[in-house]
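# Quick check, what structure comes out for this input:
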Amino acid sequence: MVCKINCVAITGIDARPVMVETDVCNGLPSFDMVGLLASDIKESRERVRTAIKNSGFMLPPKRITINFSPGDIRKTGTYFDLPIAISILTALGVVSCKMSDKLFVGELSLDGEVVKVNGVLPIVLCAAKQGIRQCFVPMDNVGECNFLETINVVGIRSLNHLVRVLSENVETENKDKTMIFDTYKDRVFRYDFSEIKGQIQARKAAEISAAGMHNFLMTGPPGTGKSMIAKALPSILPDMLPEERIEISKIHSIAGNLNGTLITERPVRSPHHTITVPAMIGGGLNPKPGEITLAHGGVLYMDELPEFSRKVMETLRQPLEDGTVFVSRTGGVYEFPAEFILLAAMNPCRCGYYPDRNKCSCTERDVKKYLEKVSGPILDRMDLCVHMNPVSVFELKKGEEAEKSDEIRKRVNRAVKLQRERYQGCGFRFNSRLVGKNIEKYCPLGSEERRLMEQIYDKFQLSVRAYEKIIKVARTIADLKEKENITTDDIAEAVTFRPVGWM
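I've put the predicted structure just below:
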C-alpha cells in the first residue's frame, strides 16, 4: 500500500511543498529513503524506527521505501521525522483517515515525544496557500502560527497523541488564537534618548535614520556617546505593520530565534568584528540566513567599523543597494532579504583621540592608514554621517531633561505613515529605498531647491549616489516636519550630515 503525506521543505527562507510517499510491501526487510536527501534526514531512519517501537507500535519485517517528491529539491532538517513516521503507520493500516488536507511537521525523540523544530511559521504559511486545512506541529511551536484564521494549527505532544487524534477523526482546533496585531503598548526599553546629554546633531541624525531607514555613521573619540545612541535607537524605531511582523518572524523562525510568539519589535543585530563572510551574508552547505538577513526590517550595528575585515565590509555593498543578497550553491541560488539600517561607529584613529594632540600620538600616516580600512564605496553608501565631540561639563550639569524617546517615536511614526501612503503599491515603504526615476517622481524640487542642489553638487564634487542620498534625506526631514514638498532648508540640513572630507 502506498501512502502520501503532505510536508514542506525549506530552501533558504522560502518553503516549497513536498510529498512524502511510503510503500510497504513483502520482500527482504529494509528501510530505504530516496529523493535528494541531506545527511540529517538519512539519520532520521533509526530515530523514527525507534520512536515507533517505543510508542507501542510494531514494525513488521517488510520492505519499506520512502520517497520525497519532487526529487530535484534538496531536503534537509529534522522536521521530516513526524511525516515519515505517520506515513509508515498509515501504510501499515494503524491510522486510517483522509490525509490530503493535512500536513505534518516535527522531530521525534527516541521515546516518541514530538520535539520543537525551526521554521514552522513559513511551513504553515506555505500549507495555507496550498489549501491545507490542518497542520500538526510540535506543541512548543503552536504559538508562532496559531493566529492564522485560514488553517487549523494543532499542537502534538507525542506520536501516540497524534495517532489518537487521527484515529478519533476529530477536528481539533486551537481556540487560543494569539492576537499579534495590536499597536505597541507599554514597551519598556533599557535606554532612552532622555538619558543622552548634548549631541544634538547625533540625536537628530538618529531620528532621521529611524524615520526613513537611512544608514547612519558616527565618528568620534571614545566616551562621546556613540554606543549610547546605538543602544537608544531601538526605542524610536517605527511600529511594524502586521505583514512586516510576519515577514520578519518567518526569518527568525528558520533561525530558531522565536520564543513561541511572533516578533514584536524590530530586530537589532550587533555582530562582533571577528565575524566571517558566510556568517554575515548567510551561507553554508545548506544556506541559512546571515546577520544582514536577521537584521532585515531593523538595525545592523557595526561597532568599531574599521576593525571588521575588508572582505566582510565589501560584501555589504550589494545588499545596501538592492536590499537582497544572493547565495549561490550547487543546489541552486538562494535569495535572502536584507533591508536594514546600517548603524556604524568608528574612532578617528587607532587610539581614538585624533586630532587632540594632548592625547593622540598617531602620525598622519597612521591616521590615514586607519581610515582607509573603510573604503570610499562603503562611506558613499552612508546616508548620514556625524562627528561627535566630547560633551562639555556645562551640558552634563544642565538641569533640563532631553526629549524622551516616546515623543521622538511619535514623530517618526507620523513620518513613516506619510511614506507608506505615498509609496502604496510601489513595493517599498521608506525614503531610503527610492531609486532612479522614483526620486524625481516622489521628491520633486522647485527652481530654488534645484539651483541649490546644483551648487552643492559642483562645490563638493558629489557622486550621483551622494547627490541622490542628500535628496532622500531631505525628503525624510520634510516628512518629519509633515511638509508636502522639500524646501531649501531641508536640503541645507541634509547636507550637514555629509562631512566635506568624505563627499
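# any weak-confidence spans in the stretch 401-503 of the chain?
Low-confidence segments of the stretch 401-503 of the chain (pLDDT under 70): 499-503.
# just the helices in it please.
405-422, 437-442, 447-460, 464-480, 488-495 (DSSP state H, counting those that start in this stretch).
# what's in contact with the worst-scoring helix or strand of the chain on mean pLDDT?
Every helix and strand of the chain was ranked by mean pLDDT, DSSP states H and E. The lowest is helix 393-396, at a mean of 73. Applying C-beta atoms under 8 Å, 6 or more residues apart in numbering, the contact partners of helix 393-396 are 197-198. C-beta: built from backbone N, CA, C; applies to glycine.
# closest one to residue 330 among the helices of the stretch 401-503 of the chain?
Across these, residue 330 has its closest neighbour in helix 464-480 (34.7 Å, C-beta to C-beta).
# Show me what counts as buried in the closest one.
For helix 464-480, the buried set under the neighbour-count rule, 16 or more other C-beta atoms under 10 Å, comprises 466-480.
# same thing with stretch 25-34?
Quick answer for stretch 25-34 (16+ other C-beta under 10 Å): 31, 33.
# Could you do stretch 493-500 as well?
Those would be 493-495, 497-498, for stretch 493-500 by 16+ other C-beta under 10 Å.
# dump the residue contacts of residue 493.
474, 477.
# try 6 Å this time
By C-beta atoms under 6 Å, 6 or more residues apart in numbering, the contact list for residue 493 reads residue 477.
# Likewise for residue 201?
Per C-beta under 6 Å, 6+ apart, neighbours of residue 201: residue 386.
# Can you read off the pLDDT for it?
Note on residue 201: pLDDT of 94.
# With residue 13 instead?
pLDDT at residue 13 comes out at 88.
# Same check on residue 62?
92.
# now the residue lying closest to it once chain neighbours are set aside, what's its secondary structure?
Spatial nearest neighbour of residue 62, excluding adjacent residues (C-beta to C-beta, 6 or more residues apart in numbering): residue 24 at 5.3 Å. Taken by DSSP: H, G, I helix; E, B strand; the rest coil, the conformation at residue 24 corresponds to strand.
# again, but for residue 400
Once three-state DSSP is applied, residue 400 turns out coil.
# Same question for the helix or strand harbouring residue 45: list its buried residues.
Element membership for residue 45, per DSSP states H and E: helix 44-54. Neighbour-count burial for helix 44-54 flags 44-45, 47-52, 54 (criterion: 16+ other C-beta under 10 Å).
# and those residues as a markdown table, adding pLDDT?
Output for these, formatted as a markdown table (pLDDT from 0 to 100):
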| residue | pLDDT |
| --- | --- |
| 44 | 91 |
| 45 | 91 |
| 47 | 94 |
| 48 | 95 |
| 49 | 94 |
| 50 | 95 |
| 51 | 96 |
| 52 | 96 |
| 54 | 95 |
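# Of these, which is the nearest to residue 275?
Nearest to residue 275 among the buried residues of helix 44-54, with distances taken as C-beta to C-beta, is residue 44, at 31.8 Å.
# residues in contact with that closest one?
Residue 44 neighbours (C-beta under 6 Å, 6+ apart): residue 81.
# Return the per-residue confidence for the residue nearest to residue 261 when sequence neighbours are not counted.
Nearest residue to residue 261, sequence neighbours excluded (C-beta to C-beta, 6+ apart): residue 143, at 5.1 Å. pLDDT, residue 143: 88.
# my guess is residue 143 contacts residue 260, does it?
Yes. Residue 143 lies in contact with residue 260 (C-beta atoms under 6 Å); the separation is 3.7 Å.
# and the two? which has more neighbours close in?
residue 143 (20 against 13; other C-beta atoms under 10 Å).
# Which residues does stretch 134-149 contact?
102-106, 114, 116, 120-121, 124, 127, 151-157, 174, 177-178, 180, 258, 260-261.
# Buried by neighbour count: which residues of stretch 355-371 qualify?
Within stretch 355-371, the residues scored as buried using 16+ other C-beta under 10 Å are 360, 362, 367, 370-371.
# Identify the residues contacting that stretch?
So stretch 355-371 is contacted by 306, 349-351, 353-354 (C-beta under 6 Å, 6+ apart).
# any idea how far that stretch is from the chain center?
In terms of C-alpha atoms, centre = their mean, to the nearest Å, the centre of stretch 355-371 is found 38 Å from the chain centre.
# got the CA coordinates for it in CSV?
Extracted C-alpha coordinates of stretch 355-371, given in CSV (Å, rounded to 0.1, in the frame of the first residue of the first chain):
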residue,chain,number,x,y,z
PRO,A,355,43.2,65.4,16.4
ASP,A,356,43.6,66.1,20.1
ARG,A,357,47.5,66.0,20.3
ASN,A,358,47.4,66.1,24.1
LYS,A,359,46.1,62.5,24.0
CYS,A,360,46.8,61.2,20.4
SER,A,361,50.2,60.1,19.4
CYS,A,362,49.3,58.7,16.0
THR,A,363,51.1,60.1,13.0
GLU,A,364,49.3,61.5,9.9
ARG,A,365,50.3,58.3,8.1
ASP,A,366,48.8,56.1,10.9
VAL,A,367,45.6,58.1,10.8
LYS,A,368,45.3,57.8,7.1
LYS,A,369,46.0,54.1,7.1
TYR,A,370,43.4,53.5,9.8
LEU,A,371,40.7,55.5,8.0
